[in-house]
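Peer 1: have a look at this prediction, sequence included:
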Amino acid sequence: MPLLHKIAGVVIVCAVILGLTLPGVRRGHDKGATATRAGAATRTTPPARGAPGGGRAGASAPPRSEAAAQSVTRPIAAAVPAAVAAKANELGQVPVLMYHRIMKKAELSLDRSSKELYDELTRLAKSGYVPVTAAEFVSGRFDVPAGRHPVVLTFDDSTPGQFGLDPQGNPKPDTAVAIIQQVARENPGFRPVATFYLNKDLFQLTGAEAAAGLRWLIQHGFELGNHTMTHPDLSGMSEKGVRAELGGMEDQIVGITGAHTTTLAYPFGSAPRKKAWAQEDAGKYRFQGIFLAGWKPSESPFDGAFDRWAINRVRSEGKIKENDCTRFCSTAWLEHLDKNPAERYTSDGDPNTITFPKTSEDRLAKQYRDWGRLY
């Protein structure tokens, strides 16, 4: 073989190898990656903590080898006095509360009455909690005042008691959205935001009403999430079935709002046999976080133990015997965190730092080390 042909062959092989191995090249990049997210970026979301996988907005990451060396050798900076005074702990636990039907009078075990929802949200407000959406929580992009605590309010199944508009275009009385807004008016600093995990019935709204309703939610800072078309148990379904349920719901939401969802909540908290089926389907959906139907608060998104594909939630309920709610539902957990504030996420007031006690240093995820502050 002539020498030039041999050289050309070597060049082609090298190009193929580099194309397969170079970092930062993501094959199968689909429209779901760049499309607007339904309620993911609210009017009050700060350009702060970095996207999943590390990094902060506006920060330029060093080369991988340099970053790895720095994460081992560079000491974490000291916290500012204001953060110390606030007893900040941004590696603490975050309650992600799970609601279902909201009724004037509860009928089924998972129902919460309008009064029970109002009382629980008022308790959260009086205890210094500030709502953030599920998308904000997963990304780490949220701004909570110093000394206060993030909480994520999630509503499953898109039932009528959660949301609807009256003839004047305002949330119907006694719906979850109306109650959230009422509590926010009565308690300045309590953000009127939540995440609604949708099934195909869409609050039993149809046509123009459904379109107007979903757009209203997004415009007012609420997040829309995917909860499958028909609420099946995904654990027993085929790959085709799982993707049809998620993709069908995503198509419906995008068709109405023009925006993809950012997060998913598993029906019944059950994952499919292969979790990758639910995480991404090129051209259909690509979630940034998946929520369970769990029994304890979530780890901080900056904790090395945080798993964005299996985020725990807490059922909203009093200390009843059913499902061991005396210990593991919302009332019991909120009481526990009140009595043990060192276990709870408490903000340092600066969305560009992550402050925590020195005793928790080993829990900070490595990709966030540059933003760590300890005391």
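Peer 2: Happy to help now that I have it.
Peer 1: any idea how far the closest residue to Ser109 other than its chain neighbours is from Gly372?
Peer 2: Distances taken as CB to CB, 6 or more residues apart in numbering place Glu322 nearest to Ser109, at 6.2 Å, with adjacent residues excluded. Using the backbone N, CA and C atoms, a C-beta is placed for each residue, glycine as well. As judged by CB to CB, to the nearest Å, Glu322 and Gly372 stand 41 Å apart.
Peer 1: so for the two, which residue has more residues nearby?
Peer 2: Between Glu322 and Gly372, Gly372 has the larger neighbour count (other CB atoms under 10 Å), namely 22 against 12.
Peer 1: what is the more buried one paired to in the beta sheet?
Peer 2: Note on Gly372: beta-bridge partners Ile354, judged by DSSP bridges.
Peer 1: residue contacts, it?
Peer 2: 76-77, 353-356, 361, 364 (CB atoms under 8 Å, 6 or more residues apart in numbering).
Peer 1: which one (most neighbours) among the residues you listed?
Peer 2: Busiest of the contacts of Gly372 [other CB under 10 Å] is Ile354, holding 31 neighbours.
Peer 1: on the pLDDT front, check that one for me.
Peer 2: Listed pLDDT for Ile354 reads 98.
Peer 1: let's number from 19 now, not from 1
Peer 2: Taking 19 as the first residue, the last one we looked at is Ile372.
Peer 1: buried residues, stretch 207-224. List them.
Peer 2: 208-217, 219-221, 223 (16 or more other CB atoms under 10 Å).
Peer 1: export it as PDB, just CAs?
Peer 2: Provided in PDB are the C-alpha atoms of stretch 207-224 (Å, rounded to 0.1, in the frame of the first residue of the first chain):
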ATOM      1  CA  GLY A 207     -41.900  35.400  52.100                       C
ATOM      2  CA  PHE A 208     -43.900  32.200  51.600                       C
ATOM      3  CA  ARG A 209     -43.600  31.700  47.800                       C
ATOM      4  CA  PRO A 210     -46.800  30.600  46.100                       C
ATOM      5  CA  VAL A 211     -45.300  27.800  44.000                       C
ATOM      6  CA  ALA A 212     -45.700  24.000  43.800                       C
ATOM      7  CA  THR A 213     -45.300  21.200  41.300                       C
ATOM      8  CA  PHE A 214     -48.300  19.400  39.800                       C
ATOM      9  CA  TYR A 215     -47.700  15.900  38.500                       C
ATOM     10  CA  LEU A 216     -50.100  15.400  35.600                       C
ATOM     11  CA  ASN A 217     -52.100  12.500  34.300                       C
ATOM     12  CA  LYS A 218     -54.100  12.700  31.100                       C
ATOM     13  CA  ASP A 219     -57.300  14.000  32.800                       C
ATOM     14  CA  LEU A 220     -55.600  17.400  33.500                       C
ATOM     15  CA  PHE A 221     -57.800  18.500  36.500                       C
ATOM     16  CA  GLN A 222     -60.800  17.300  34.400                       C
ATOM     17  CA  LEU A 223     -60.300  20.300  32.100                       C
ATOM     18  CA  THR A 224     -60.700  19.900  28.400                       C
END
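Peer 1: and that stretch, average pLDDT?
Peer 2: 98.
Peer 1: which among the contacts of Gly390 gets closest to Glu361?
Peer 2: Within these, the smallest distance to Glu361 is 12.0 Å, found for Phe374 (CB to CB).
Peer 1: need the contact list for the nearest residue to the closest one once chain neighbours are set aside.
Peer 2: Spatial nearest neighbour of Phe374, excluding adjacent residues (CB to CB, 6+ apart): Leu109 at 4.4 Å. Leu109 sits next to 318, 320-321, 363, 372, 374, 378, 381-382 when contact means CB under 8 Å, 6+ apart.
Peer 1: re the thing from before, between the contacts of Gly390, which is closest to Trp295?
Peer 2: Of these, the one sitting nearest to Trp295 (CB to CB) turns out to be Leu382, at 31.4 Å.
Peer 1: for the closest one, which residues are in contact?
Peer 2: 94, 109, 320-322, 372, 374, 390.
Peer 1: quick check: phi and psi at the most centrally placed residue in the chain.
Peer 2: Centroid-nearest residue in the chain: Ala152, 2.5 Å away (criterion: CA atoms, centre = their mean). Dihedral pair for Ala152: phi -60, psi -40, per degrees, to the nearest 10.
Peer 1: what's the distance between it and Lys292?
Peer 2: Where Lys292 is concerned, Ala152 sits at a distance of 23 Å (CB to CB).
Peer 1: now Val156
Peer 2: 21 Å.
Peer 1: cool, and Asn188?
Peer 2: 44 Å.
Peer 1: A strand includes Val170, no?
Peer 2: Yes. Checked against DSSP: H, G, I helix; E, B strand; the rest coil, Val170 lies within a strand.
Peer 1: what's the nearest residue to Leu252 if we skip its chain neighbours?
Peer 2: In space, Leu252 is closest to Pro290, 4.4 Å off (CB to CB, 6+ apart).
Peer 1: what's the answer for Asp356, then?
Peer 2: Per CB to CB, 6+ apart, closest to Asp356 is Ser145, 6.5 Å.
Peer 1: these two touch, right, that neighbour and Leu352?
Peer 2: Yes. Using CB atoms under 8 Å, Ser145 is in contact with Leu352, at 7.2 Å.
Peer 1: neighbour-wise, which of the two wins?
Peer 2: Comparing Ser145 with Leu352 by other CB under 10 Å, the one with more neighbours is Leu352, at 21 against 14.
Peer 1: which element is the more buried one on?
Peer 2: helix 348-357 (DSSP states H and E).
Peer 1: for the stretch 69-218 of the chain, what spans make up the helices?
Peer 2: For the stretch 69-218 of the chain, the helices defined by DSSP state H, counting those that start in this stretch occupy 82-91, 99-103, 132-144, 152-157, 194-204.
Peer 1: just put those in TSV and tack on distance to Thr344 and mean pLDDT.
Peer 2: Converted to TSV, these look like this (distance: least, CB to CB, whole Å; pLDDT from 0 to 100):
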stretch	distance to Thr344	mean pLDDT
helix 82-91	42	49
helix 99-103	35	98
helix 132-144	16	98
helix 152-157	27	98
helix 194-204	25	98
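Peer 1: since that was my last question, I'll sign off now.
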